[in-house]
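[1] Here is the input, now give the coordinates:
(one chain, ligands or ions: 1)
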Amino acid sequence: MSELKLDIERYSTEPADLLAYGFDASGLSGTPAAVAWPETAEEVAAVMRGAGRIRAAVIPRGAGTGMTGGSVPFAGAEPARGALAAPPGGLIVLSFERMNRILEVDDVNLTVLVEPGVVNGSLQRELAGYGLFYPPDPASLEFCTIGGNVAENAGGPRALKYGVTRDYVLWLEAVLAGGELITTGVQTPKGVVGYDLTRLLVGSEGTLAAITKIRLKVLPLPEEIITLMAVFGDVGAAGEAVSRIIASRIIPRTLEIVDGHCILAVEKRGPVGLPSGAEALLLIELDGHPEAIKAQAGRVIDICGRLGAKVTMAEDEDAREALWRARRGVSPALYQLCPHKVSEDIVVPRGNIARMLTELKALALRTSVPIATFGHAGDGNLHVNFLPEEKKDLTPVLRELFRKVLDLGGTLSGEHGVGLTKKPFIEMEIGPAELDLMRRIKGVFDPDGLLNPGKIFPEKTFPEKQGGPFKGP
Ligand SMILES: Cc1cc2nc3c(=O)[nH]c(=O)nc-3n(C[C@H](O)[C@H](O)[C@H](O)COP(=O)(O)OP(=O)(O)OC[C@H]3O[C@@H](n4cnc5c(N)ncnc54)[C@H](O)[C@@H]3O)c2cc1C
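    This next block holds a predicted model:
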């Protein structure tokens, strides 16, 4: 593919670059024909037009922290209108790394305009200087990009009180597969003119358009934050505490669960003082007016105490940061413990959290595959990590998990999306009529199936189109 020529200056067909841009945090990998680093929307459009001419597929990429293979180059294309399976022009990774400027902080209207390659954590630090914050805070915030967050509709611990990415995206600029530049949405807090294309693009996993500019709503920093750690000897009691806190009409800023397996993995990676003998801990934060949250903290301590927990409060900012570092380190620590771990991202109604945790215990016993669970328990979103002793196909176990989740009124993914890893299961949740409608929408945006092919939609209706350089973990 070394003869591949793109209409922009910054691109590479060097094997080292192709390797570096071929994988994401799912553990899946593929080999692109080229990697392009545009600096403007016009350059993105040039790549799209050039790709269309040679019938190459384009795979938008932020930082590659996605957990479901969304930015992995994959040739098993499933074009909406029956074009060839593997794009003859190959696969071009479109990296947004160089489009990483914060273009405007509007501290009068409380919005911010950014390019897609801005890292979430950098935006948080910039906004703090204005006394503002952007609520969506994925645990990967020091690496992941706002473009990737928009494409995945990312959440994070604060989603419990403040909502997810879609609740903050006001306006988008994007490039369609043919190279056409479009804008969607409004620059104002409200606006209902026409279909809501902004919401359609949010969470579309790079399959409908490449996002080149984003206007986000931001909020004033809260007056005060109280951070509590509740340690439980029984994981079911921790789940029950989650349900009772919410039922008592308290919506904390975060309500995270970390089970005993995760605690041990974090401590093994580098001791941070988490309670190694515990079956679970809850990391609970309340924010708002100092008097109001003091009263709420008292009620939370009481609820957890009645369920047998020992509750401590972070004394200062350093102690608070140390707890969050430990929490954000859970996924990497589990990966270090078990490099072939399989991570899931289920959600159940909050009232069913305790039941789901009990089901997970039973599933681990039944299948002899250890399960480590952590996540955003306050909104019912659990990251269920299967840790088999050796690499093995866990499809039947995952099906069993998803069946239970759906029976409990839940959904297969809260924030990681479908990508490659979850597409074999999407039909368990989405009916044929709805899936067909989604395919038709994809066809309108991308008639030749050249934008992030092979993602979201299961191939089984197109078995002859499987193949390509896609490798499992
Ligand atoms: C340790 C760890 C913790 C995590 N914690 C959380 C969490 O708490 N909450 C959460 O929601 N997620 C979490 N994630 C998942 C991941 O960080 C998010 O999905 C994130 O939004 C991906 O951003 P990215 O920049 O890495 O995007 P990538 O992984 O590069 O891409 C993700 C998807 O977005 C598309 N895309 C990227 N940029 C664009 C663009 N400009 N236009 C169109 N499409 C684009 C890609 O094609 C792909 O489909 C975590 C991941 C890790 C590794």
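[2] C-alpha from now on. contacts and neighbour counts both.
    Noted.
[3] which parts of stretch 195-207 are buried?
    Neighbour-count burial for stretch 195-207, with 16 or more other C-alpha atoms under 10 Å as criterion, is recorded at 198-199, 201-207.
[4] same check, this time on stretch 275-291
    For stretch 275-291, the buried set under the neighbour-count rule, 16+ other C-alpha under 10 Å, comprises 276, 278-288.
[5] Please narrow the residues you listed to those residing in strands.
    Cross-referencing the buried residues of stretch 275-291 with the strands (criterion: DSSP state E) gives 280-288 as the overlap.
[6] Now do the helices in the stretch 101-250 of the chain.
    Taking DSSP state H, counting those that start in this stretch, the helices of the stretch 101-250 of the chain run over residues 120-128, 146-152, 159-162, 197-201, 235-247.
[7] okay, the ones you listed, which one's buried deepest?
    Counting by mean count of other C-alpha atoms under 10 Å, helix 146-152 has the highest mean neighbour count of those, with a mean of 29.
[8] on that earlier part again, what about the ligand: which of the ones in strands among the buried residues of stretch 275-291 touch it?
    Applying C-alpha under 6 Å from any ligand atom, the subset of these adjacent to the ligand is empty.
[9] CSV for those residues, including distance to Gly454 and pLDDT?
    Below are those laid out as CSV (distance: C-alpha to C-alpha, whole Å; pLDDT from 0 to 100):
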residue, distance to Gly454, pLDDT
Ala280, 38, 96
Leu281, 39, 97
Leu282, 38, 97
Leu283, 38, 98
Ile284, 39, 98
Glu285, 40, 98
Leu286, 42, 98
Asp287, 42, 97
Gly288, 44, 97
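[10] and the ligand, which of the buried residues of stretch 195-207 contact it?
    205-206.
[11] Please list the residues of the stretch 301-450 of the chain that sit near the ligand.
    Residues of the stretch 301-450 of the chain lying near the ligand by C-alpha under 6 Å from any ligand atom: 331-332, 415-416.
[12] Show the buried residues in those.
    Restricting these to buried positions leaves 331, 415-416, with burial counted as 16+ other C-alpha under 10 Å.
[13] Would you tell me which helix is longest in the protein?
    helix 290-306 (DSSP state H).
[14] Okay, buried residues for it please.
    Of the residues in helix 290-306, 293-294, 296-297, 300-301, 303-305 count as buried by neighbour count, 16+ other C-alpha under 10 Å.
[15] Need those in JSON lines (columns: pLDDT).
    Listed next are these as JSON lines, based on pLDDT from 0 to 100:
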{"residue": "Ile293", "pLDDT": "97"}
{"residue": "Lys294", "pLDDT": "97"}
{"residue": "Gln296", "pLDDT": "97"}
{"residue": "Ala297", "pLDDT": "98"}
{"residue": "Val300", "pLDDT": "98"}
{"residue": "Ile301", "pLDDT": "98"}
{"residue": "Ile303", "pLDDT": "98"}
{"residue": "Cys304", "pLDDT": "98"}
{"residue": "Gly305", "pLDDT": "98"}
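[16] and the residue of the stretch 351-473 of the chain found nearest the ligand, which of the three is it?
    Going by C-alpha to the nearest ligand atom, the ligand is nearest to Glu415 of the stretch 351-473 of the chain, at 4.3 Å. Under DSSP: H, G, I helix; E, B strand; the rest coil, the three-state class of Glu415 is coil.
[17] Quick one: residues contacting it.
    Contact criterion C-alpha atoms under 8 Å, 6 or more residues apart in numbering gives 152-155, 345 as the residues in contact with Glu415.
[18] let's see it at 6 Å
    The contact partners of Glu415, taken as C-alpha atoms under 6 Å, 6 or more residues apart in numbering, are 154-155.
[19] what do you get for Gly66?
    Contacts of Gly66 were listed using C-alpha under 6 Å, 6+ apart, and they are 24-25.
[20] how does it look with 7 Å?
    Gly66 sits next to 24-26, 416 when contact means C-alpha atoms under 7 Å, 6 or more residues apart in numbering.
[21] out of the buried residues of stretch 275-291, who's nearest the ligand?
    Nearest to the ligand out of the buried residues of stretch 275-291 is Leu283 (C-alpha to the nearest ligand atom; 13.9 Å).
[22] Next up, the contacts around the closest one.
    Residues in contact with Leu283 (C-alpha under 7 Å, 6+ apart) are 228-230, 255-257.
[23] sec struct for the nearest residue to Asn385 once chain neighbours are set aside, please.
    Distances taken as C-alpha to C-alpha, 6 or more residues apart in numbering place Ser343 nearest to Asn385, at 4.3 Å, with adjacent residues excluded. Following three-state DSSP, Ser343 is assigned to strand.
[24] Count the neighbours of Ser343 for me.
    23 (other C-alpha atoms under 10 Å).
[25] Can you give me every residue that contacts it?
    Contacts of Ser343 were listed using C-alpha under 7 Å, 6+ apart, and they are 383-386.
[26] For PyMOL, what selects the buried ones among these?
    Paste this into PyMOL to select the buried members of the contacts of Ser343, with burial taken from 16+ other C-alpha under 10 Å:
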select buried, resi 383+384+385+386
